[in-house]
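Q: How does the following fold in three dimensions:
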Amino acid sequence: MFIDWEQLLYNFWQRISYWFRLKPIKKGIVDSLLVYPIKSFSQGFSTDKWTIDRFGLKGDRQFMLVSWSKSLDRWEKLMLGVYPQMFKPTVTFDDEYQRFIFKYNEKSTFSVPLKVTPEYIENHSTFGYTAQEIFEYHFAMEGYILDKVLPASFIDEYKLPKDTVLLYTEQGKDYIFPNRKDNGKKTKFQDYFPILIAGKESFEDVYSRVSKDAPYSTLQSFRPNIVVKGLPAYSEDLFNDICFVTDKGKYWMDCPSHCKRCVVPNINIETGVMDKRGRVSALMSKWRRIDKATPSSCFGVYANNRSWNYEIKAGDILEVWSQTKKTFDYNPWEESKKK
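A: As a prediction, the model looks like this:
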């Protein structure tokens, strides 16, 4: 077994010095927040303030598009890597009625609520308010089949399977946070951990390197939840203990791992067309293979919120109190199954 002594000693020193540190290592500023109400769908809703709940950003990825797999005998998620056209819809938030509105062509929309009630489920499911066993990444969980939400015209126009329906999860799935005693945490349909943080300067550096060959690249292509600025590019690679300073108090998060990049950044979000040459991925592989545990390029860092029921807004201060050199050798779902 290979031991990276440099990484081990760096992380050990960071952990020890954290307890004696009188001020943060560095500071940044919250630039914006993005919510993706439906997993792997739409360009996301960008806002300058949002609430953090126990699952991450409130309403983030609590829905998912699925179709029935006869071979697996279960509902299977529809992913952007297979259906890149699902990137095209735009999202707005109706504050009066507390709902997300998806515009999927010039004239047509559908909506989903921020807070899903039993009455909403009863009215939008032929199954009624009865939870079904569903799977995500082979992880069993419970959810509700909302087969009366999606317009037939949307399914036809976007060339999705005819039996595509919306799936909602109320309680989500368990995940285990490394080396922590206060587990029993849950996510909804997020990958790995509740929140993804990315630096604005990090994307600006990416774009400066890929724009000639892939001018379609946008920060939204990387699906971050919290965008921070005022830090050197890729500072988030080392985030460990971080704190958001708001006008109501300080709120802590842990950052356990890098985000391995899939093929999604190769999609033109305006046209919904996949770059078959995968130019963003190909170019990033030249300088963003930073994690010794994976051959994938990395961008952004996953975060675990220690508390909830508070608001983060643009302009809030991000304080970095400790850093770690990370390796992506931990699967929170697999570890959760071992409980």
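
Q: what about residue 117, how many residues close to it?
A: When neighbours are counted by other CB atoms under 10 Å, residue 117 registers 10. (C-beta placed from N, C-alpha, C; glycine too.)

Q: One more: residue 128?
A: By other CB under 10 Å, neighbour count at residue 128 equals 11.

Q: Specify the local secondary structure of it.
A: Put simply, residue 128 is coil when judged by DSSP: H, G, I helix; E, B strand; the rest coil.

Q: which helices and strands does the strand or helix carrying residue 300 pack with?
A: Assigning secondary structure by DSSP states H and E places residue 300 in strand 298-305. Applying 3 or more CB pairs under 8 Å, 6 or more residues apart in numbering; DSSP states H and E, one finds that strand 298-305 makes contact with strand 195-199, helix 200-210, strand 249-254, strand 258-260.

Q: give me the low-pLDDT residue ranges for the chain?
A: 1-3, 136-139, 176-184, 329-339 (pLDDT under 70).

Q: quick revisit: single out the most deeply packed of the helices and strands packed on strand 298-305.
A: Of the helices and strands packed on strand 298-305, the one with the most neighbours on average (mean count of other CB atoms under 10 Å) is strand 195-199, at a mean of 25.

Q: and that one, how far out from the chain's middle?
A: Offset of strand 195-199 from its chain centre (CA atoms, centre = their mean, to the nearest Å): 8 Å.

Q: can you list contacts of that strand?
A: For strand 195-199, contacts defined as CB atoms under 8 Å, 6 or more residues apart in numbering pick out 28, 56-57, 219, 222-229, 231, 233-236, 239, 253, 255, 259, 299-305.

Q: Now which of these would you call buried?
A: 28, 56-57, 219, 222-229, 231, 234-236, 239, 253, 255, 259, 299-305 (16 or more other CB atoms under 10 Å).

Q: ok, residue 102 - contacts?
A: If you count contacts by CB under 8 Å, 6+ apart, then residue 102 has 38, 41, 42, 89, 90, 91, 109, 110, 111, 112 around it.

Q: so which strand or helix has it?
A: strand 99-103.

Q: That strand pairs with which strands, and in what direction?
A: strand 90-94 (antiparallel), strand 109-113 (antiparallel) (DSSP bridges).

Q: Just the CA trace of the biggest strand by length in the chain, in CSV.
A: Longest among the strand segments of the chain by residue count, using DSSP state E, is strand 26-35. What follows is strand 26-35, C-alpha atoms only, in CSV (Å, rounded to 0.1, in the frame of the first residue of the first chain):
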residue,chain,number,x,y,z
LYS,A,26,-7.9,33.0,3.9
LYS,A,27,-11.2,34.7,3.1
GLY,A,28,-13.5,34.8,0.1
ILE,A,29,-16.9,36.2,-0.7
VAL,A,30,-20.1,34.4,-1.8
ASP,A,31,-20.8,35.4,-5.4
SER,A,32,-24.0,33.5,-6.1
LEU,A,33,-26.0,30.3,-5.3
LEU,A,34,-27.6,27.8,-7.7
VAL,A,35,-30.4,25.4,-7.0
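
Q: quick one on the thing from earlier: so what strands line up beside the strand holding residue 300?
A: Going by DSSP bridges, the partners of strand 298-305 are strand 195-199 (antiparallel), strand 249-254 (antiparallel), strand 258-260 (antiparallel).

Q: now the ones you listed as CSV including distance to residue 80?
A: Shown next, in CSV, are the strands paired with strand 298-305 (distance: least, CB to CB, whole Å):
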stretch, distance to residue 80
strand 195-199, 15
strand 249-254, 26
strand 258-260, 15
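
Q: ok now the next helix or strand after the longest strand of the chain, how far from the chain's centre?
A: Sequence-wise, the next helix or strand downstream of strand 26-35 (DSSP H and E) is strand 38-39. How far strand 38-39 lies from its chain's middle: 9 Å, per CA atoms, centre = their mean.

Q: Quickly run through the sheet partners of strand 38-39, with directions.
A: Applying DSSP bridges to the sheet, strand 38-39 is found paired with strand 63-69 (parallel).

Q: mind listing what's buried in the partner strand?
A: Buried positions in strand 63-69, judged by neighbour count with 16+ other CB under 10 Å: 63, 64, 65, 66.

Q: Return the residues in contact with the third one.
A: In this case it means residue 65. Residues in contact with residue 65 (CB under 8 Å, 6+ apart) are 38-41, 77-78, 86, 150, 160, 164-167.

Q: Please enumerate the helices of the stretch 1-150 of the chain.
A: Assigned by DSSP state H, counting those that start in this stretch, the stretch 1-150 of the chain shows helices spanning 5-18, 118-124.

Q: which residues in the stretch 151-300 of the chain form helices?
A: In the stretch 151-300 of the chain, the segments counted as helices under DSSP H, counting those that start in this stretch are 152-157, 200-210, 279-284.

Q: closest to residue 248 out of these?
A: Distance to residue 248, taken as CB to CB, is lowest for helix 200-210 among those, at 24.1 Å.
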